[in-house]
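Engineer: turn this into a structure:
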Amino acid sequence: MSDLDFDVIGRTLPYLMRGLQYTVQLTLVAAIGGTIFGTLLAMARLSSFKPLALFASGYVNLMRSLPLLLVIFWFYFLVPELVQSVMGWERPPQIGAERSAYVTFIMFQAAYYCEIMRAGIQSISTGQVGAAYAVGLNYWQAMKLIILPQAFRNMLPVLLTQTIVLFQDVSLVSLLNVTDFVGAAVKIAQRDSRVVEMYLFVAVVYFVLCYALSYMAKRLGQRIAIVR
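Structural biologist: Okay, here's the model as predicted:
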């Protein structure tokens, strides 16, 4: 332990912060995109139109049954080959690691946000749905104006908790050589042979951020419960 050099953290802090900025950016984009896509999937799963409900159910069950790492590799390596085969192109399209990360995380997280929003929608009294139909609203209007705002509010603490899990999962993009927070730390650790210092610093940062966000989600849940 006497050989540890924590000064490497100060010397490389700007580079590490750029990696952390990318991690936060990817988390926010995936959370927003996943929430929007997941809400649409939840509405589709609850729809009386059976083909649409079956498609949404199949998508959610498929994504929730696969490891995230497998989905990342599948989209990054196999989708370009599949597009080339279907389109008959001479070369596969260059999607890129960062673009693959954004698309993959939105698609994957949408399945989990879908189940959260579906639970929120089902928590709303069916009498409100009947009242919406009674005043002339259709299914989508009732969802948009009455059901979804309440469901989103009810599920907000759970959505935040899932976003914390997403923030941790973003570290997997370092396997695609994307310079996120973990990826930046890995590159510095390998270059300067300071594995312990870098990984310890990353663990501390993740703990502080995730603990703070978890505490906020818990307090928000208590506040909403009191209002109810």
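Engineer: mind listing the helices for this structure?
Structural biologist: In the chain, the helices defined using DSSP state H lie at 7-11, 13-45, 50-64, 68-73, 79-87, 97-122, 126-134, 139-142, 148-169, 181-192, 195-227.
Engineer: got the buried residues for the fifth one?
Structural biologist: Residues of helix 79-87 classed as buried: Val79, Pro80 (neighbour count, 16 or more other Cβ atoms under 10 Å). The way it works is simple: take the backbone N, C-alpha and C, and place the C-beta from them, glycine included.
Engineer: before we move on, what about the last one?
Structural biologist: The neighbour-count criterion (16+ other Cβ under 10 Å) identifies Glu197, Met198, Phe201, Val202, Tyr206, Leu209, Ala217 as the buried residues of helix 195-227.
Engineer: now do the shortest one
Structural biologist: With burial defined by 16+ other Cβ under 10 Å, the residues of helix 139-142 counted as buried are Tyr139, Ala142.
Engineer: please apply the same query to the first one.
Structural biologist: Along helix 7-11, the positions that meet the burial threshold by neighbour count (16+ other Cβ under 10 Å) are Val8, Ile9.
Engineer: same check, this time on the fourth one
Structural biologist: For helix 68-73, the neighbour count (16+ other Cβ under 10 Å) marks Leu68, Val71, Ile72, Phe73 as buried.
Engineer: where does confidence bottom out across these?
Structural biologist: Among the buried residues of helix 68-73, Phe73 has the lowest pLDDT, at 87.
Engineer: returning to that earlier point: I'd like to know which of the helices of the chain is closest to Leu175.
Structural biologist: Closest of the helices of the chain to Leu175 is helix 68-73, at 7.2 Å (criterion: Cβ to Cβ).
Engineer: now do that closest one: distance to the chain's middle.
Structural biologist: 13 Å (Cα atoms, centre = their mean, to the nearest Å).
Engineer: other SSEs contacting it?
Structural biologist: With contacts defined as 3 or more Cβ pairs under 8 Å, 6 or more residues apart in numbering; DSSP states H and E, helix 68-73 has these neighbours: helix 97-122.
Engineer: for the helix it packs on, packing partners?
Structural biologist: For helix 97-122, the packing partners by 3+ Cβ pairs under 8 Å, 6+ apart are helix 13-45, helix 50-64, helix 68-73, helix 148-169.
Engineer: quick one: the helices of the chain as a markdown table, columns for distance to Leu175 too.
Structural biologist: Listed next are the helices of the chain as a markdown table, based on distance: least, Cβ to Cβ, whole Å:
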| stretch | distance to Leu175 |
| --- | --- |
| helix 7-11 | 23 |
| helix 13-45 | 14 |
| helix 50-64 | 19 |
| helix 68-73 | 7 |
| helix 79-87 | 17 |
| helix 97-122 | 9 |
| helix 126-134 | 45 |
| helix 139-142 | 40 |
| helix 148-169 | 12 |
| helix 181-192 | 9 |
| helix 195-227 | 15 |
